[in-house]
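Asker: Structural data only, the sequence is not supplied:
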């Protein structure tokens, strides 16, 4: 039992940190530009694929830096030549543009890399068990993922709260007109924020592609969950994104590993429902099958009862 | 509180965080009165309107419309109880034509509600009333022009028209002549006087010419408090008002 | 603007019969086309495609009751389509099992009732706010329902879905539904009825206030309407028609899987409505027909069809946010008003340069798919009228040159020429 709990916690934390790497960029972009970027997970996917391909020539460590930069530049181009054009039509077309972009990116990935998962592996330098718990090894790479995520969070925090660039970003968040009047080029700030946000997603992809899977469906798999994280955490809030990421990561991992159902709970109290009964489906439903819907349940409940999310300052 | 009170405020307050914008306003507007609220910028006039019309919730105090409490109700409920308002910044259905704007303003009061089993164009009572209003607003020639393409004065007239269309007995007009030339403002005052004959009228107004022309009674609001509420002559003579507000402006 | 004015005046001056003809004309034309199309396209593949078009027309129009009319961007409209389809499928299977129940023509109404029921439930929690909150709730509900298809395998039929047989139930009109043709006509009749109903709904007090709430929810409140209630009623009605589309869908396909409630389906209906144009009634109809056509025909001739599809959507969002039908109507209006006089040649020149660029792009994409996806890229491929070997540099150079030349001519010559011509003729404001 203790073993299950500890490992669920560790794995949930890991998954949560991966979610955070994706959602921090998304929440930043939303907070700044008011754009809910549907293609965000596509940049995560590009990060993984780029890192895999670059890594074939340079090794993992160079790819770890190059891939996010390359994806960030693509993000900048998307903002400059796509989003900015659509911006004049309003927020819904912006959202739809990123929605269409997600389709295009997925098809391009299928074109260049094919439909099968990539053989994107843990680099040798990190391919050893870090420690052993209850007789099970904990791989060093997982710890590395956690470290990358924590470094990223601290870096973001410092950037936003302690630097001039962060000050401008925060100011553009609330009053773009004033920032513009002070002589800053707001459209350019937008471009760099978008590039930065997509670069962060790509960094998530570089490590996430190894930890989870690198295949063309990965963006579609992660995309909606990242939205859940950002909305539950509060749009535009980095801390909220962190809390919501870990919450959802742990929640889902627990549901998957605990494998319980109402029936077992009922059995403890000597209560049972007939297999024939109307509620039998619900009664005998085990948590592993509920796990996929938990984040969305959380999303819907959150939006109904507290639309600004855990840490959001204003309503969505 | 007597039978002929249309709108009454009791100890109304509104705070934004620590800022107290409305600090205990009491007001009694009898039926049929044309009541003008004046006060310097930031006195809380627009906030007062937002509280009465349900756009904001009061922090404390009561608002009564014909003796029934309306404080904290959503705007559409208050509207259905017979109170309608116009906005300082023109607030129309910009993509709709003049005729469509007026019809939309009429639908609820004519009992059509959320009906999806009858056509708007097949409701002669709505059409006739809209035509009549359009005539009185001098907008007949602009019948099929989009609201966003009207001149400013026409938009203001349509705003008033949309406000009175429902036949509400109590009307709140927020600076109906703001931004108008002298002659436009005079025309607007005439229009208001003409089409609101049977209504109770509460106005916020800056233009003192308009104020003294139209008002039966004037309330002076300064920093969220009523410092005077009386007939125009008395307000004009009131020393406190002169000091606080009128002093340099009336000659 | 002035067009609508003269239009209204013209209507007022003409006799009643002509007014009716003008109003009913497009509907009569649509009905004639729908009836006549099977004369020219009668393979079973074509009839299935036509039936799918009819289903998609209803579905996309119902989607536009939300997006175009009420300003509600939904990412989960397939929920009502799919659940309606499942309800109808259960009805069909019930009839099969017991020999007792509705005639086939009315089975889609079971789907509509299902859509209505779930629209009531989910609409109650999601229409309180518009904007991003509504969009996110719809996404959440969409994911919730599609993930729960794994939990409630009894209702959803698990991975393989549910099968039915449309020939079992009785027919109201004595038709045999074993052929694709009779099924198509059933779909066409329902599509016509549903489209007419949705068209008329726009003209009711609720339809008007939906537009009002979309444009200015605050003002709508101050004329007595609760924006939430307006959105709710529109949502429920839209779900009703989505369910109807789902009910027809299972009659056409005789199978339903959990994919019908899924995100992809919700995305397709959004794309269809938007590509066609959300601010004109005909828009979603055009979009639905186009999307089904592309799905069915383009996928047969190229592997890259999803990419083309995505690019088409992105292009519409970027350059023609009024949608293809909206754009066509806008151009038609400008042409009728004489705004194009003196600039037609320049416009054709610009269009020609874009066409060249487009051909270059198609060549690049097709060659890329051959190079990356073919088991033997060295095998020659047919491209337009040529046979090329994509492992050589020459075809690539040519294709990119055509693409670049088209774009360059458009940007540096055709567009300036066009703008000058428009300016000289005093058109475009």
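Answerer: Received the coordinates, thanks. Quick caveat, the model's predicted, so the values are computed rather than measured.
Asker: Give the closest residue to the residue of the stretch 1-150 of chain B found nearest chain C in space, chain neighbours not counted.
Answerer: Residue nearest to chain C within the stretch 1-150 of chain B (C-beta to the nearest C-beta): residue B:108, separated by 3.2 Å. (Each C-beta comes from the backbone N, C-alpha and C, glycine too.) Spatial nearest neighbour of residue B:108, excluding adjacent residues (C-beta to C-beta, 6 or more residues apart in numbering or on different chains): residue C:224 at 3.2 Å.
Asker: Hmm, the one you found is touching residue B:80, no?
Answerer: Yes. Contact criterion C-beta atoms under 8 Å: residue C:224 and residue B:80 qualify, at 5.1 Å.
Asker: Now list whatever residues contact both of those two.
Answerer: The overlap between the contact sets of residue C:224 and residue B:80 (C-beta atoms under 8 Å, 6 or more residues apart in numbering or on different chains) consists of residue B:108.
Asker: Among these two, which residue is more densely surrounded?
Answerer: residue C:224 (24 against 17; other C-beta atoms under 10 Å in any protein chain shown).
Asker: who's in contact with the nearest residue to residue C:342 once chain neighbours are set aside?
Answerer: Among residues not flanking residue C:342 along the chain, residue C:425 sits closest, at 3.4 Å (C-beta to C-beta, 6+ apart). Residues in contact with residue C:425 (C-beta under 8 Å, 6+ apart) are C:339, C:341-343.
Asker: so which of those residues comes closest to chain B?
Answerer: Nearest member of these to chain B, counting by C-beta to the nearest C-beta, is residue C:339, at 18.0 Å.
Asker: And for that closest one, the neighbour number?
Answerer: 17.
Asker: And it, which helix or strand is it part of?
Answerer: Assignment of secondary structure by DSSP states H and E places residue C:339 within no helix or strand.
Asker: same deal with residue B:6?
Answerer: Counting by DSSP H and E, residue B:6 is part of strand B:5-16.
Asker: What is the subsequent helix or strand relative to that strand?
Answerer: Going down the chain from strand B:5-16, the next helix or strand is strand B:19-30, by DSSP H and E.
Asker: list the helices and strands that following strand packs on?
Answerer: Helices and strands touching strand B:19-30, by 3 or more C-beta pairs under 8 Å, 6 or more residues apart in numbering or on different chains; DSSP states H and E, are strand B:5-16, helix B:45-52, strand B:200-204, strand B:225-230.
Asker: Include mean pLDDT and distance to chain A when you put these into a markdown table, please.
Answerer: Shown next, in a markdown table, are the helices and strands packed on strand B:19-30 (pLDDT from 0 to 100; distance: least, C-beta to the nearest C-beta, whole Å):
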| stretch | mean pLDDT | distance to chain A |
| --- | --- | --- |
| strand B:5-16 | 90 | 15 |
| helix B:45-52 | 91 | 18 |
| strand B:200-204 | 92 | 27 |
| strand B:225-230 | 87 | 31 |
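Asker: mind checking which of the ones you listed is nearest residue C:289?
Answerer: helix B:45-52 (48.3 Å; C-beta to C-beta).
Asker: residues in contact with the closest residue in space to residue C:108 that isn't next to it in sequence?
Answerer: Ranked by C-beta to C-beta, 6+ apart and with sequence neighbours excluded, the top spatial neighbour of residue C:108 is residue C:247, at 3.4 Å. The contact partners of residue C:247, by C-beta under 8 Å, 6+ apart, come to C:84-85, C:87-88, C:107-112, C:114.
Asker: hmm, the strand or helix carrying residue A:102 touching chain C?
Answerer: In this structure, residue A:102 sits in helix A:91-113 according to DSSP H and E. Yes. Helix A:91-113 is in contact with chain C by C-beta under 8 Å from any C-beta of the partner chain, via A:91-93, A:95-97, A:99-101, A:103-104, A:107-108, A:111-112.
Asker: buried ones in the very next helix or strand once past that helix?
Answerer: Per DSSP H and E, the first helix or strand lying C-terminal to helix A:91-113 is strand A:129-133. Residues of strand A:129-133 include none that count as buried (16 or more other C-beta atoms under 10 Å in any protein chain shown).
Asker: if I look at residue A:66, how far off is residue A:206?
Answerer: Residue A:66 is 9 Å from residue A:206, where distance means C-beta to C-beta, to the nearest Å.
Asker: swap in residue C:45?
Answerer: From residue C:45 across to residue A:206, the span is 45 Å (C-beta to C-beta).
Asker: Now do the strands in chain A.
Answerer: A:129-133, A:136-139 (DSSP state E).
Asker: out of these, which comes closest to chain B?
Answerer: Taking C-beta to the nearest C-beta, strand A:136-139 is the member of the strands of chain A nearest to chain B, at 49.0 Å.
Asker: who's in contact with the closest one?
Answerer: Outside strand A:136-139, the residues that touch it by C-beta under 8 Å, 6+ apart are A:3, A:7, A:10, A:122, A:126-132.
Asker: so what secondary structure elements neighbour the helix holding residue A:102?
Answerer: Secondary-structure packing of helix A:91-113 (3+ C-beta pairs under 8 Å, 6+ apart): helix A:40-58, helix A:84-87, helix A:218-233, helix C:263-276, helix C:305-319, helix C:344-373.
Asker: Report the buried residues of the second one.
Answerer: Neighbour counts over helix A:84-87 (16+ other C-beta under 10 Å) mark A:86-87 as buried.
Asker: List the contacts of it.
Answerer: Outside helix A:84-87, the residues touching it (C-beta under 8 Å, 6+ apart) are A:93-94, A:97, A:187, A:190-191, C:317-318, C:321.
Asker: repeat that for 6 Å
Answerer: Contacts with helix A:84-87, where a contact means C-beta atoms under 6 Å, 6 or more residues apart in numbering or on different chains, come from A:93-94, A:97, C:318.
Asker: Quick check: mean pLDDT of that helix?
Answerer: Mean per-residue pLDDT for helix A:84-87: 88.
Asker: before we move on, what about the longest one?
Answerer: In this model, helix C:344-373 has a mean pLDDT of 88.
Asker: residue ranges with poor pLDDT in the chain?
Answerer: Unless you meant another one, I'm taking chain A. Scanning chain A for pLDDT under 70 picks out A:172-176, A:259-260, A:262-263, A:265, A:270, A:272-285, A:312-316.
Asker: let's do chain C instead
Answerer: In chain C, residues with pLDDT under 70: C:1-15, C:426-429.
Asker: count of residues packed around residue C:24?
Answerer: 11.
Asker: before we move on, back to that, ok, of the contacts of residue C:425, which one's closest to residue A:53?
Answerer: The closest of the contacts of residue C:425 to residue A:53 turns out to be residue C:343 (C-beta to C-beta; 48.1 Å).
Asker: May I ask you to confirm that that closest one is in contact with residue C:421?
Answerer: Yes. Here residue C:343 reaches residue C:421: they are 3.9 Å apart, a contact under C-beta atoms under 6 Å.
Asker: who in the stretch 201-350 of chain C is up against chain B?
Answerer: C:201, C:203-206, C:208, C:212, C:215-216, C:219, C:221-226, C:233 (C-beta under 6 Å from any C-beta of the partner chain).
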